[in-house]
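[1] One predicted model, sequence on top.
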Amino acid sequence: MNKTVVKTMEMLRLFVEHERLTLQQMVSLLQMPKTSVYRMAQSLLEMGFLQKIGDHYQLGLAFLSFGMLVAERLDLRQVALPVMRRIKEETKEAVNLVIRDGDEAIYIEKVETSEPVRVYTKVGRRAPLYAGACPRVLLTFMENEEQKRYIDHIELVAIAKNTIVDRQTLRNTIEQDRKRQYTVSYSELEDYSAAVAVPIFNYEGKVVAGLSIAGPEPRFSQEAVEHMVPILQRAAFEISKQLGFSRKG
């Protein structure tokens with residue numbers, strides 16, 4: 001690797017742990033000649049990667065622009081869509097992506113099945129977090145206190161013949177699903193429909209989306225679900241990694 005680039009990165013990494021540093025502090029931390037550190041610092045100042053206030057250096061505004069670009073370009077739909085298309089080819093079923101919006105889930109992307117018998121779902125559809133595998137995966141992996149508040153206060157309304165409308169049943173279902181790391185539903189949002197879903201996590205380890213396979217109930221036997229779950233889990237982890245998630249800790 002280019003030594004100048006490596007040394008420059010070492011200098012910038014100092015500011016991960018230190019908000020502000022003097023030139024002498026950088027020299028001590030880097031164990032480099034003062035003239036070399038000064039030249040690198042001046043170059044980074046001119047490019048906007050560092051700024052100087054008095055005798056102290058700190059990260060410059062250029063990083064703000066880069067950070068915003070990274071965030072914009074890591075659009076969840078953009079990251080997920082190629083993976084969703086691959087799931088559809090592998091399972092021949094529809095694939096949905098949902099995020100939370102208050103007390104609801106909203107479908108933000110879908111890949112339709114090519115099968116003649118299908119479950120109709122459109123982008124923009126909303127559903128309560130307690131109903132259906134994909135919305136409920138957001139509730140299942142929500143932080144405990146927030147999850148408890150939601151369950152205690154939400155009105156559970158029947159949407160289809162198997163919608164969960166009992167709080168204790170909902171708690172038990174969530175506990176089971178959290179242990180096995182996926183959710184399944186049959187006729188909760190629409191009669192004779194089924195779905196299996198897994199969570200997608202961000203760099204903080206927080207659930208930010210649900211990824212599901214959905215279709216008519218007859219195609220979602222226990223054997224079929226057991227085949228779909230590892231496919232979904234691998235896909236969700238791939239998307240999560242691109243959002244900065246790591247299994248560490």
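    Yep, it's here. Keep in mind it's a predicted model, so treat the numbers as computed, not measured. Numbering: from 1, shown residues only.
[2] now the helices: where do they sit in this protein?
    3-17, 23-30, 34-47, 62-73, 76-91, 133-140, 144-153, 167-180, 222-242 (DSSP state H).
[3] Would you mind getting the angle between the last one and helix 76-91?
    Relative orientation of helix 222-242 with respect to helix 76-91: 150 degrees, computed using axes from the mean of the first three to the mean of the last three CA atoms, to 10 degrees.
[4] Go ahead and name everything in contact with helix 222-242.
    74, 76, 79-80, 83-84, 86-87, 90-91, 93, 181-182, 184, 196-202, 209, 211-213, 245 (CB atoms under 8 Å, 6 or more residues apart in numbering). From N, CA and C alone the C-beta is placed, and that goes for glycine too.
[5] pLDDT averaged over it - what is it?
    Mean per-residue pLDDT for helix 222-242: 94.
[6] domain parsing for the protein?
    What automatic domain parsing lists as the domains of the chain is 3-68, 74-242.
[7] Make CSV out of those and add mean neighbour count.
    Shown next, in CSV, are the domains of the chain (neighbours: other CB atoms under 10 Å):
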stretch, mean neighbour count
domain 3-68, 14
domain 74-242, 18
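[8] And the helices of the chain: which comes nearest residue 54?
    helix 23-30 (11.5 Å; CB to CB).
[9] elements contacting the closest one?
    Packing partners of helix 23-30 (3 or more CB pairs under 8 Å, 6 or more residues apart in numbering; DSSP states H and E): helix 3-17, helix 34-47.
[10] Please tabulate those helices in a markdown table, including the columns distance to residue 225 and mean pLDDT.
    As requested, those are arranged in a markdown table below (distance: least, CB to CB, whole Å; pLDDT from 0 to 100):
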| stretch | distance to residue 225 | mean pLDDT |
| --- | --- | --- |
| helix 3-17 | 44 | 89 |
| helix 34-47 | 54 | 94 |
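[11] a markdown table for the ones you listed, including distance to residue 165?
    Output for these, formatted as a markdown table (distance: least, CB to CB, whole Å):
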| stretch | distance to residue 165 |
| --- | --- |
| helix 3-17 | 49 |
| helix 34-47 | 60 |
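[12] Out of these, which gets nearest to residue 122?
    Closest of the helices and strands packed on helix 23-30 to residue 122 is helix 3-17, at 43.5 Å (criterion: CB to CB).
[13] Return that closest one as CSV; C-alpha atoms alone will do.
    The C-alpha trace of helix 3-17 is given here as CSV (Å, rounded to 0.1, in the frame of the first residue of the first chain):
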residue,chain,number,x,y,z
LYS,A,3,2.9,4.8,2.6
THR,A,4,1.6,8.4,2.3
VAL,A,5,-2.0,7.2,2.1
VAL,A,6,-1.5,4.8,5.0
LYS,A,7,0.0,7.6,7.2
THR,A,8,-2.8,10.0,6.2
MET,A,9,-5.4,7.5,7.3
GLU,A,10,-3.6,6.9,10.6
MET,A,11,-3.8,10.7,11.2
LEU,A,12,-7.5,10.8,10.4
ARG,A,13,-8.2,7.8,12.6
LEU,A,14,-6.9,9.7,15.6
PHE,A,15,-10.1,11.8,15.4
VAL,A,16,-12.3,8.8,15.9
GLU,A,17,-11.3,8.7,19.5
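[14] All good on my end, thank you.
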